[in-house]
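Peer 1: missing the sequence, but the structure's below:
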């Protein structure tokens, strides 16, 4: 059975355990490795981020161009390990959750536990189906990155699995 999780109630995710399934609704921000590099550089330089990262959710995705009749094109997850070098910095800044696919390294799992955050896994290879759960899309930063720019999405009942829970336990561990 899936539990409903809304981004403005991320504190409730502390009850979730690795392997739990959820239907996620609320605001998320897309960002892949190029955007993560810039976000971390802004933090390093003491600059303001293009969105408030405290309690926010980042979806590791680079959506395809938007068809005229839809809010977004295909929007499947990208491999999360590509963001592992940047994730502890963003968690330290207050990031609440991440959505991607695949395992995370031990450093990231420790940072997730330290900051009581959570990592959700989305189904890879089903970007067109994932897009059906996206109700709106607004490009908000790093426009020069094209599909990898930061976008603000509104999700409704997006199916996810808890990949790493707030204690650092992972579905990928053995």
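Peer 2: Now that the structure is in, tell me what you want to look at. Keep in mind it's a predicted model, so treat the numbers as computed, not measured.
Peer 1: Report the mean confidence score over the longest strand seen in the chain.
Peer 2: For the chain, the longest strand by residue count, based on DSSP state E, is strand 150-164. Strand 150-164 shows a mean pLDDT of 95.
Peer 1: distance between that strand and the chain's centre?
Peer 2: The chain centroid and the centroid of strand 150-164 are separated by 7 Å, computed with C-alpha atoms, centre = their mean, to the nearest Å.
Peer 1: next one: stretch 96-113
Peer 2: Chain-centre distance of stretch 96-113: 10 Å, with C-alpha atoms, centre = their mean.
Peer 1: for it, which positions count as buried?
Peer 2: Within stretch 96-113, the residues that count as buried by 16 or more other C-beta atoms under 10 Å are 96-101, 103-104, 108-109, 111-113. C-beta here means a position set from N, CA and C on the backbone, and glycine is covered the same way.
Peer 1: Let me have those in TSV, adding secondary structure and pLDDT as columns.
Peer 2: Listed next are the buried residues of stretch 96-113 as TSV, based on DSSP: H, G, I helix; E, B strand; the rest coil; pLDDT from 0 to 100:
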residue	secondary structure	pLDDT
96	coil	95
97	strand	96
98	strand	98
99	strand	97
100	strand	97
101	strand	97
103	coil	98
104	coil	98
108	helix	98
109	helix	98
111	helix	98
112	helix	98
113	helix	97
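Peer 1: now those in JSON lines, with distance to residue 89?
Peer 2: Converted to JSON lines, these look like this (distance: C-beta to C-beta, whole Å):
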{"residue": "96", "distance to residue 89": "15"}
{"residue": "97", "distance to residue 89": "16"}
{"residue": "98", "distance to residue 89": "13"}
{"residue": "99", "distance to residue 89": "18"}
{"residue": "100", "distance to residue 89": "16"}
{"residue": "101", "distance to residue 89": "21"}
{"residue": "103", "distance to residue 89": "20"}
{"residue": "104", "distance to residue 89": "14"}
{"residue": "108", "distance to residue 89": "11"}
{"residue": "109", "distance to residue 89": "15"}
{"residue": "111", "distance to residue 89": "9"}
{"residue": "112", "distance to residue 89": "13"}
{"residue": "113", "distance to residue 89": "16"}
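Peer 1: Relative to residue 82, which of these is nearest.
Peer 2: Using C-beta to C-beta, residue 100 comes nearest to residue 82 of the buried residues of stretch 96-113, at 8.7 Å.
Peer 1: Cool, thanks, talk later.
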